[in-house]
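Engineer: Prediction below, plus the sequence it came from.
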Amino acid sequence: MEKEKNLTNRYHTPSLIVMLTHEDQTVQNAYEIFDAYKDSDAEYWGFKEEPLPLSQMKDLYAYMKSCGKKTVLEVVAYTQAECMSGAKMAAECGCDLLMGTVYSDAVNEFCRENGIKYMPFVGEIHDRPSVLEGTCEEMILQAREYLAKGVYGIDLLGYRYTGDAARLNEEFVRAVDAPVCIAGSINGYQRLNEIRKAAPWAFTIGSAFFENKFDGNFGEQINKVCQYIKREKIT
């Protein structure tokens, strides 16, 4: 348990999860992009459950794992059937982490049986790209309920929030004693500063790299973000 506490302290350096996605959809040339920039600084790589065929997903995840990467599937799904389908994809692909889905006991049990770390959404989520609604207090209570049932951590769509995203991120990470990944719409250095201040376990960037928000080729942008996030902590 002490190890998990260390993941949420205010001095933790968040890990970047590179998502080969744009507007919540996996890009068609995801394999080629990973192949070109696999030697960049990021350890965690992933993508979404749509629209690549499962065979291509399995090939790409196998390649990532052969390169020593930690693998993530993020599933944007809201019904139990869709969420379970996503969990089964993660198992077939041998993913280390399943992020997303609306929590269900069935998906949680499936992930436990298949050795997958499960990080479900909290809050009221709809649409694709996802929108997050609800109060911080409600999300914290949800997170604690799910953690009591054995999930690994929480996927917080902080910058998809219709309220004060920076406040939500800080208060949620401070209150939730487990790994939190702030996912979605981190598209500039101001938000990176907020991520550094909130100090979650991890954060995702996908669309911003494809839109060249950090200036450079895909690998250069990854390295810039990794280096920036490790800078001396702001107060």
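Structural biologist: Okay, I see it.
Engineer: For residue 56, see how far away residue 77 is.
Structural biologist: Distance, residue 77 to residue 56, using C-beta to C-beta, to the nearest Å: 19 Å. For every residue, glycine as well, the C-beta is placed using N, CA and C.
Engineer: The chain: strands as residue ranges?
Structural biologist: Per DSSP state E, the chain carries strands over the ranges 15-19, 21-22, 25-26, 44-48, 70-75, 97-100, 117-119, 124-126, 131-133, 154-156, 180-182, 202-205.
Engineer: among these, which is the most enclosed?
Structural biologist: strand 154-156 (a mean of 30; mean count of other C-beta atoms under 10 Å).
Engineer: So which other helices or strands are in contact with that one?
Structural biologist: helix 136-148, helix 165-175, strand 180-182 (3 or more C-beta pairs under 8 Å, 6 or more residues apart in numbering; DSSP states H and E).
Engineer: could you give me the average pLDDT of it?
Structural biologist: The pLDDT scores in strand 154-156 average 99.
Engineer: chain center to it: distance?
Structural biologist: 7 Å (C-alpha atoms, centre = their mean, to the nearest Å).
Engineer: again, but for stretch 200-213
Structural biologist: 10 Å.
Engineer: So which of the helices and strands packed on strand 154-156 is nearest residue 49?
Structural biologist: When the helices and strands packed on strand 154-156 are compared by C-beta to C-beta, strand 180-182 sits nearest residue 49, at 16.4 Å.
Engineer: Direction included, what does the closest one pair up with?
Structural biologist: strand 154-156 (parallel), strand 202-205 (parallel) (DSSP bridges).
Engineer: Just put these in CSV and tack on distance to residue 48.
Structural biologist: Putting the strands paired with strand 180-182 into CSV (distance: least, C-beta to C-beta, whole Å) gives the following:
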stretch, distance to residue 48
strand 154-156, 12
strand 202-205, 11
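Engineer: if we can go back for a sec, which of residue 77 and residue 56 has more neighbours?
Structural biologist: residue 77 (21 against 14; other C-beta atoms under 10 Å).
Engineer: these two touch, right, that one and residue 104?
Structural biologist: No: counting by C-beta atoms under 8 Å, residue 77 stays clear of residue 104, with 10.4 Å between them.
Engineer: Ok, which of the strands paired with strand 180-182 comes nearest residue 218?
Structural biologist: Once these are compared by C-beta to C-beta, strand 202-205 is nearest, at 10.7 Å.
Engineer: Report the mean per-residue pLDDT for that closest one.
Structural biologist: pLDDT averaged over strand 202-205 gives 98.
Engineer: With stretch 70-78 instead?
Structural biologist: 97.
Engineer: May I have that stretch as CSV, with CA atoms only?
Structural biologist: In CSV, the C-alpha atoms belonging to stretch 70-78 read as follows (Å, rounded to 0.1, in the frame of the first residue of the first chain):
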residue,chain,number,x,y,z
LYS,A,70,4.3,-0.6,-21.2
THR,A,71,1.0,-0.9,-23.2
VAL,A,72,-2.3,0.8,-22.7
LEU,A,73,-5.7,0.4,-24.3
GLU,A,74,-8.2,3.2,-23.6
VAL,A,75,-11.8,2.3,-24.3
VAL,A,76,-14.4,5.0,-24.9
ALA,A,77,-17.5,3.0,-24.1
TYR,A,78,-20.5,3.6,-22.0
